[in-house]
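Engineer: Quick one: sequence and predicted model below, then my questions.
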There are 2 protein chains.
Amino acid sequence: MPSLDLQADPVDLTAQLVDIPSVSGEEAGLADAVESALRAWAPHLEVVRNGEAVLARTSLGRPSRVVLAGHLDTVPLNDNLPVKRTGSGADETLHGLGTVDMKGGDAVFLHLAATLREPRHDVTFVFYDCEEVEAVRNGLGRIERELPEWLRGDLAIVGEPSNAVIEAGCQGTMRVELATAGARAHTARAWMGDNAIHALAEPLRRLTGYEPRVVDIDGLVYREGLQAVRVGGGVAGNVVPDAAVLAVNHRFAPDRSPEQAERHLREVFEGFELTVVDSSPGALPGLTAPATAELVAAAGGTAKAKLGWTDVARFAAAGMPAVNFGPGDPTLAHTQGEWVAAEEIRRVAEVLGSFLTA
Amino acid sequence: MPSLDLQADPVDLTAQLVDIPSVSGEEAGLADAVESALRAWAPHLEVVRNGEAVLARTSLGRPSRVVLAGHLDTVPLNDNLPVKRTGSGADETLHGLGTVDMKGGDAVFLHLAATLREPRHDVTFVFYDCEEVEAVRNGLGRIERELPEWLRGDLAIVGEPSNAVIEAGCQGTMRVELATAGARAHTARAWMGDNAIHALAEPLRRLTGYEPRVVDIDGLVYREGLQAVRVGGGVAGNVVPDAAVLAVNHRFAPDRSPEQAERHLREVFEGFELTVVDSSPGALPGLTAPATAELVAAAGGTAKAKLGWTDVARFAAAGMPAVNFGPGDPTLAHTQGEWVAAEEIRRVAEVLGSFLTA
């Protein structure tokens, strides 16, 4: 079993975590290492294993509790292990699978778990599995069902990459399919048919003319979006097609519920058959909650809107303020060449350390 | 070996042909039967075997020659053999695979081969294979390459179903693919990308607004068409797609060459990247040619425009007038329940018999 040094510099710890491969569904080795390291280095914490997730918490009777959550899994290997380290000082960089998404965040949380013996808030650490695959396998969802009390608190911090800037709330996402119907005919006698692909002209016209909202919530700016993500149709090269489908992804600001977003899409595409195939609510930034305000202050007073959807929405759905805060550029996630600046890892560790001990 | 009776009523002969299955690529049994029947019943003809095609001709030194061509193959079985016969008189009907496409026409030609000993024109009979599959396997194409002199003449009559009405010429067909390009981005940050599916709005607008030509040639009316036949695009449910494609099938009247048709499509879709993926020229009706005019007169003076593409275009490309003339409703071809009225088979036999002997 690899032995993780939780007292080490979080940058070194990140490198150790990266070198234990943990593609979704194959996290057992890393979960074992995390569990044994927590038991060894953080005897002050209550540690629980749930599947390939590891949970740990203080119970100091503090008036508030902060949940720090990070997933242990990565997308598949792409010839990008083991970790490579380059540069020094401001240029010090870690390269490799998971450096950005999100073993830098995990390392910071593990380091805090071992080193913060007297935190100002009670703290729950959640290291979970299967975030990178279909929602039904998500380890956080399983913990919600099996150990819901472990996810309760006054603020959740999800360590997904956010360039070491607090990203508050998240936008909702909804995928709909717009289906057109027609009547088949031989293309040599096209007037006997009704072309379902031609019927996509109008919804595509509406899409290209659509002006997405820009929404200000608590001073954060959310930019919505409405994008075709798939189109398909056709029977044969000489047949007027009788069916076509246009899949559209809507990203909506957290001032709207999924129900409101769906209503909006039905207005936009009035006259067309619409089916919701996937929907996840957004999360309000909740910057006015006391613990969140404290965290933002510890980070220097700035926060940004999170535009992508992350597991913060699970906490928000339970009524908790939740933010993303982690090292690394999220646009590098899932790319072969992902890398993280060592100084972002250290900055996140400092901000959280100061927030939790001040 | 089944023994075909070429002297029999062409309706009975149709039934015999239908009951020898001959799906494309598996025509050997039927070709053998046709060859031995021609050798037995039509000793006045020169008979040649080429692959699974059978050719036969007179050489009487007539001033003109008529080529009668029919394919022996069918589309795959669909629980529609053996032949079923229903009704009598005007309701007499043959049901089953190949009754329409096109063993009724073959039966008429075989009957004429055996019974017309002194035709007014020299006659070439061509029974060929693999018409129902990709053009490269087409038996008529192979004969063109290997025995080109067997396809020469002053008029070609292709016995494809035409409701026992002479259908003259045929429209050309061209398939093009219109490709749009964009730039990928996460749908949560769509403004960083450029949606290639949205870029299809404009070509689809042009398609829906397109007014196809209606062209009169020799008194026949050709209705053109421009139809999307396939659309595709999309990367993932959360990605702005960077590529999409729209396949369009153009049916064009035979007053235009494929080059002219392509030029027209490039005008229609100006500003978009267009690739021609498939193209077949049309065939002018050639009704003014003497032999064609005689045939139309024998059929009662009427002819219609052929809108679909058939092998008449191969003859037209060689400079010969060519028509479709056969029993059966072409819209029933390739359907499980294809059927042919016995009286259409008899009518085609009478018209051709009178044309060739008068």
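Structural biologist: Everything's here; your move. Model, not experiment: these values are computed from the prediction. Numbers count the residues shown, from 1 in each chain, chains lettered A, B, ... in the order given.
Engineer: The closest residue to chain B within the stretch 1-150 of chain A - how many residues pack around it?
Structural biologist: Using CB to the nearest CB, the single residue of the stretch 1-150 of chain A nearest to chain B is residue A:134, 11.4 Å away. C-betas here are computed from N, CA, C, even on glycine. Using other CB atoms under 10 Å in any protein chain shown, residue A:134 has 8 neighbouring residues.
Engineer: With residue A:61 instead?
Structural biologist: By other CB under 10 Å, neighbour count at residue A:61 equals 6.
Engineer: measure the closest residue to it other than its chain neighbours to residue A:35 for me?
Structural biologist: With CB to CB, 6 or more residues apart in numbering or on different chains as the criterion, residue A:61 has its nearest non-adjacent residue at 7.5 Å, and that residue is residue A:122. Going from residue A:122 to residue A:35 by CB to CB, to the nearest Å gives 20 Å.
Engineer: ditto for residue A:300
Structural biologist: 34 Å.
Engineer: again with residue A:91
Structural biologist: Distance of residue A:91 to residue A:35, computed by CB to CB: 34 Å.
Engineer: what's the answer for residue A:281, then?
Structural biologist: 32 Å.
Engineer: neighbour-wise, which of residue A:91 and residue A:35 wins?
Structural biologist: The residue with more neighbours, out of residue A:91 and residue A:35, is residue A:35; 20 against 10, by other CB under 10 Å.
Engineer: show me the contacts for the more buried one.
Structural biologist: Residues near residue A:35 by CB atoms under 8 Å, 6 or more residues apart in numbering or on different chains: A:47, A:49, A:54.
Engineer: low pLDDT regions in chain A?
Structural biologist: Within chain A, the stretches with pLDDT under 70 are A:1-2, A:358.
Engineer: center of it, which residue is that?
Structural biologist: residue A:310 (2.6 Å; CA atoms, centre = their mean).
Engineer: pretty sure that one is touching residue A:325, no?
Structural biologist: No. Counting by CB atoms under 8 Å, residue A:310 stays clear of residue A:325, with 11.0 Å between them.
Engineer: Need the overlap of contacts for those two.
Structural biologist: Residues within reach of residue A:310 and of residue A:325 at once, by CB under 8 Å, 6+ apart, are residue A:158.
Engineer: For chain A, just list every one of the helices.
Structural biologist: With helices called from DSSP state H, chain A shows them at A:10-18, A:28-41, A:104-115, A:139-146, A:201-209, A:258-268, A:290-298, A:312-317, A:342-357.
Engineer: how about the closest residue to residue A:190 other than its chain neighbours, what does it touch?
Structural biologist: Leaving aside its sequence neighbours, residue A:190 sits nearest to residue B:225 (CB to CB, 6+ apart; 4.0 Å). Residue B:225 makes contacts with A:187-191, B:212, B:249-251, as judged by CB under 8 Å, 6+ apart.
Engineer: for residue A:333, phi and psi?
Structural biologist: The phi/psi pair for residue A:333 (degrees, to the nearest 10) reads phi -60, psi 140.
Engineer: same deal with residue A:80?
Structural biologist: Here residue A:80 shows phi and psi, under degrees, to the nearest 10, equal to phi -130, psi 40.
Engineer: One more: residue A:210?
Structural biologist: Note on residue A:210: backbone dihedrals following degrees, to the nearest 10 are phi -70, psi 130.
Engineer: Count residues in the vicinity of it, would you?
Structural biologist: For residue A:210, the neighbour count with other CB under 10 Å is 15.
Engineer: likewise residue A:53?
Structural biologist: 26.
Engineer: Not counting residues beside it along the chain, what's closest to it?
Structural biologist: Spatial nearest neighbour of residue A:53, excluding adjacent residues (CB to CB, 6+ apart): residue A:128 at 4.1 Å.
Engineer: dump the residue contacts of that neighbour.
Structural biologist: With contact set as CB under 8 Å, 6+ apart, residue A:128 has these partners: A:52-53, A:69-72, A:138-140, A:143.
Engineer: can you check residue A:159 too?
Structural biologist: Taking CB under 8 Å, 6+ apart as the contact definition, residue A:159 lies against A:68-70, A:102, A:104-106, A:108-109, A:324-326, A:348.
Engineer: Buried subset of these as a PyMOL selection?
Structural biologist: In PyMOL syntax, the buried subset of the contacts of residue A:159 is picked out as below (16 or more other CB atoms under 10 Å in any protein chain shown):
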select buried, chain A and resi 68+69+70+102+104+105+106+108+109+324+325+326+348
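Engineer: ok, the contacts of residue A:159 vs residue B:20, which is closest?
Structural biologist: Within the contacts of residue A:159, the smallest distance to residue B:20 is 69.0 Å, found for residue A:102 (CB to CB).
Engineer: Surely the closest one and residue A:324 touch.
Structural biologist: No. If you go by CB under 8 Å, residue A:102 and residue A:324 don't touch, sitting 9.9 Å apart.
Engineer: which residues do these two both contact?
Structural biologist: Residues touching both residue A:102 and residue A:324 (CB under 8 Å, 6+ apart) are A:159-160.
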